[in-house]
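> The following comprises the amino acid sequence and a computationally predicted model.
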Amino acid sequence: MAPKHDINKVGSESSDFPILCETCLGPNPYVRMTRQEFGQECKICNRPFTVFKWNPGDGGRFKKTEICTTCAKIKGTCQTCLLDLEYGLPVQVRDAALGRKNEAPSSDINKQYYIQNLEAQMEKSDSGIAYDAQLANAAGKEMLKTLARNDPYYKRNRPHICSFFLKGECTRGDACPFRHEKPESGVGPVRGNVQQSMQDRYYGRNDPAAKKILGQVAEAKGLKAPEDKAITTLLFLGVPKCEEGDVRTALAGAVPSVEPAQIRSVSIVGPSNSVFVNFADRGSAERVAEALSAQGGIEVDGKRAKVVWGRSRKKAAA
């Protein structure tokens, strides 16, 4: 039998079955799929891959795989919705809670080299995957368990809302394949560059759904971002005796996406066992606050410290 990958198909991928979550697969255990080898380019690595299409159930829209199995294994996600397979949450939420950093390159040439190396690693590993959930923050894993959706959410397979209906211009009536209903308050279809939004979701950056979840967690933990946009300082309470380098190392380990240049200053107040960390911009401070709230605080020199927002300075009297 000929090998699955021959010399004429370098840079492509063939697979016998997709990697899907229960929601995308649907409730029918005898679902029928069509399989098209090298049917389209992966939305992440741009390599041709085997595309699977199926109907997840009555009243659902036809679905298909959007990324290749290699990219799905690298991040531990579903090939269709790109949500984490273990927790059913956006990658950005998972990586923030577990303190994982996105190391994938952005250029196409480096991306192909990066993926080839990971493929070689996965072939040698016992699990056959690159993502290792065991190398993670214990408090973050507990937080993810509380946020995880344990049961399939089949409503996600429904047809999209008809944009013409929302404008009052749809003339197809019952023959329209889209839903004729008003979206929930504050929820609507996200428009824009589909491929870019796929990459953002996969790499865990600028994901609206993830930002909403992390915001809710931060608010529940008392870390809701203050309205004063000038506040860019986080306060660590209950920190043991330490040096500035210890705080920076703890931050780099808990939130790997934060660059050293984004931390403007670190002020240690020994008598009160607290540390003021001032960031270069508000966005960096918010990302760190969201990640640390999901992790249940920050661990400095073996001791877990509480994290709160700093307060705005009182204006001097005229």
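Ah, there it is.

> only C-alpha atoms for contact and neighbour calcs from this point on.
Will do.

> What separation is there between the residue nearest to residue 85 when sequence neighbours are not counted and residue 208?
Nearest residue to residue 85, sequence neighbours excluded (CA to CA, 6 or more residues apart in numbering): residue 77, at 5.1 Å. Applying CA to CA, to the nearest Å, the value for residue 77 to residue 208 is 18 Å.

> Those two: which is more packed in?
More crowded of residue 77 and residue 208, by other CA atoms under 10 Å: residue 77, with 27 against 15.

> any idea how the chain splits into domains?
7-147, 221-309 (automatic domain parsing).

> What lies in contact with the longest strand along the chain?
Assignment by DSSP state E gives strand 33-41 as the longest strand of the chain. Under the contact criterion CA atoms under 8 Å, 6 or more residues apart in numbering, strand 33-41 has outside partners 12-14, 47-55, 67.

> Go through it and flag the buried ones.
By 16 or more other CA atoms under 10 Å, the buried positions in strand 33-41 come out as 35, 37, 38, 40, 41.

> between those, which is closest to residue 138?
residue 41 (36.9 Å; CA to CA).

> Show the low-confidence segments of the protein, by residue range.
1-12, 102-113, 122-137, 184-196, 313-318 (pLDDT under 70).

> ranges for the strands of it?
Taking DSSP E, the strands of the chain run over residues 33-41, 48-54, 63-64, 233-237, 263-269, 274-279, 298-300, 303-309.

> Dump those strands into JSON lines; add distance to residue 181 as well.
Compiled in JSON lines, the strands of the chain are given as follows (distance: least, CA to CA, whole Å):
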{"stretch": "strand 33-41", "distance to residue 181": "29"}
{"stretch": "strand 48-54", "distance to residue 181": "25"}
{"stretch": "strand 63-64", "distance to residue 181": "21"}
{"stretch": "strand 233-237", "distance to residue 181": "43"}
{"stretch": "strand 263-269", "distance to residue 181": "47"}
{"stretch": "strand 274-279", "distance to residue 181": "44"}
{"stretch": "strand 298-300", "distance to residue 181": "44"}
{"stretch": "strand 303-309", "distance to residue 181": "41"}
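
> Out of those, flag the one nearest residue 98.
Across the strands of the chain, closest to residue 98 is strand 298-300 (CA to CA), at 12.0 Å.

> what helices or strands is that closest one leaning on?
helix 244-254, strand 303-309 (3 or more CA pairs under 8 Å, 6 or more residues apart in numbering; DSSP states H and E).

> which residues are in contact with the first one?
By CA under 8 Å, 6+ apart, the surrounding residues in contact with helix 244-254 are 98-99, 258-260, 266-268, 291-292, 298-301.

> what angle separates it from strand 263-269?
Counting by axes from the mean of the first three to the mean of the last three CA atoms, to 10 degrees, helix 244-254 lies at 120 degrees to strand 263-269.

> wait, doesn't residue 277 sit right on residue 269?
No. Between residue 277 and residue 269 there is no contact under CA atoms under 8 Å: 11.2 Å.

> who has more neighbours, those two?
More crowded of residue 277 and residue 269, by other CA under 10 Å: residue 277, with 23 against 13.

> separation between that one and residue 262?
For residue 277, the distance to residue 262 (CA to CA) stands at 10 Å.

> Now list whatever residues contact both of the two.
Residues within reach of residue 277 and of residue 262 at once, by CA under 8 Å, 6+ apart: there are none.

> For residue 27, which residues are in contact?
Contact partners of residue 27, counting by CA under 8 Å, 6+ apart, are 56, 57, 154.

> ugh, typo on my part, it should be residue 219
The contact partners of residue 219, by CA under 8 Å, 6+ apart, come to residue 225.

> For burial, what's the neighbour tally of residue 116?
Residue 116 has 14 nearby residues by other CA under 10 Å.

> From residue 82, how far out is it?
Using CA to CA, we find residue 116 at a distance of 21 Å from residue 82.

> Same check on residue 250?
Separation of residue 250 from residue 82 (CA to CA): 30 Å.

> between those two, which one's more packed in?
Neighbour count, other CA under 10 Å: between residue 250 and residue 82, residue 82 has more, with 26 against 17.

> Quickly note the distance from residue 296 to residue 218.
Applying CA to CA to residue 296 and residue 218 gives a distance of 10 Å.

> what's the answer for residue 310, then?
Going from residue 310 to residue 218 by CA to CA gives 15 Å.

> Residue 299 now?
Where residue 218 is concerned, residue 299 sits at a distance of 17 Å (CA to CA).
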